[in-house]
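S.K.: Here you go, sequence then predicted model.
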Amino acid sequence: EAAIAAARRIGDPATLLYALSTGMSAMMDIVDPRSRLPLNLEAEQLAQNQGDRERVLRSVVRLTFDHLELGDLTAADVRIAHFERLTREAKAARYAWRVPLFHSMRAMMHGRFHQSEELLEQAHELATRAEDPQLERCYGFHREGLLRALERHEEMAAFDLHVRPLRAALYGGPHCQNGGSAF
C-alpha cells in the first residue's frame, strides 16, 4: 500500500501500474476483495492504456477472483468470458489453462463435480505444457476442494501430502507444517 501511494505521488502511469501489479500480487490472498477490487480495476485500466497485454490478463484473473469472493457470479462469468477472448486473441498459452480452471471452479459451485474434475484435468494438462509456475498451487488447492466436495476422503488424505507444502509456503502457519493438516 505504501508503494502504491508513493507511485501515485510520482505521477508516472508506468510506475503506478508496476506498483499496483506487484502490490496486488502481495495482497490477493490477504486483503478483503472489496478493497482489492478498485485497485485491480485501476491496474486493468492502466494496463489497457499502456498496451500491456500481460498485465491486462493478470488484472482480469485477479478481478475474476475478486468477483467470485464477493459472490458476484454474473460479473465473474463476464470476466471469465473476457479472459477467454483475451487469451485466444493474444495466443497466450501461459494463461490459457486458467480458462478451464475457471470453468471448473464454476462447475464445482453448481454441484457439477464430475464436470469440474474433467475441466481441472484439462487445465492441468495445458498448464503443464505451458510450464506455468502457478500450476501446482492453483491445481493443488482446487483439487483439494474438489476431493472434499466429492467426499473422496482417502484420496484427499493422500493428496494432502502434496498440498501441505504448498499451503505452508503460502501461509506459513504451524497448522500446515510438520505433520499438521488443514482439514
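M.R.: Now that the structure is in, tell me what you want to look at.
S.K.: Low-confidence bits of the chain, can you list those?
M.R.: For the chain, residues meeting the criterion pLDDT under 70 lie at 167-183.
S.K.: distance of residue 43 from residue 1?
M.R.: Using Cβ to Cβ, to the nearest Å, one gets 14 Å for the distance from residue 43 to residue 1. All C-beta spots, glycine's among them, are computed from the backbone N, C-alpha and C.
S.K.: Compare those two and say which is more crowded by neighbours.
M.R.: residue 43 (28 against 12; other Cβ atoms under 10 Å).
S.K.: what about the more buried one, helix or strand, and which?
M.R.: If you go by DSSP states H and E, residue 43 is part of helix 33-50.
S.K.: can you give me the offset of that helix from its chain's centre?
M.R.: Relative to its chain's centre, helix 33-50 lies at 15 Å (Cα atoms, centre = their mean, to the nearest Å).
S.K.: Likewise for stretch 111-120?
M.R.: Centroid separation for stretch 111-120 versus its chain: 18 Å, with Cα atoms, centre = their mean.
S.K.: neighbouring contacts of that stretch?
M.R.: 100-101, 103-105, 107-108, 139, 142-143, 146, 149-150 (Cβ atoms under 8 Å, 6 or more residues apart in numbering).
S.K.: Equivalent analysis for stretch 29-39, please.
M.R.: In contact with stretch 29-39 (Cβ under 8 Å, 6+ apart) are residues 4, 20, 23-24, 27-28, 62-63, 65-67, 69-70, 170.
S.K.: can we see that at 7 Å?
M.R.: Stretch 29-39 is contacted by residues 20, 24, 27, 28, 66, 69, 70, 170 when judged by Cβ atoms under 7 Å, 6 or more residues apart in numbering.
S.K.: in it, what counts as buried?
M.R.: Using 16 or more other Cβ atoms under 10 Å as the burial criterion, the residues of stretch 29-39 that qualify are 33, 36, 37, 39.
S.K.: how near is the third one to residue 139?
M.R.: Meaning residue 37. Per Cβ to Cβ, residue 37 is found 25 Å from residue 139.
S.K.: Quick one: residues contacting the residue nearest to residue 86 when sequence neighbours are not counted.
M.R.: Closest residue to residue 86 apart from its sequence neighbours, by Cβ to Cβ, 6 or more residues apart in numbering: residue 57 at 5.9 Å. Residue 57 is in contact with 86, 87, 92, 95, counting by Cβ under 7 Å, 6+ apart.
S.K.: how far away is residue 57 from residue 145?
M.R.: Counting by Cβ to Cβ - residue 57 and residue 145 are separated by 24 Å.
S.K.: Next: residue 42.
M.R.: Applying Cβ to Cβ to residue 42 and residue 145 gives a distance of 30 Å.
S.K.: now swap in residue 63 and tell me
M.R.: In terms of Cβ to Cβ, residue 63 sits 21 Å off from residue 145.
S.K.: Comparing those two, which residue is more hemmed in?
M.R.: residue 63 (24 against 15).
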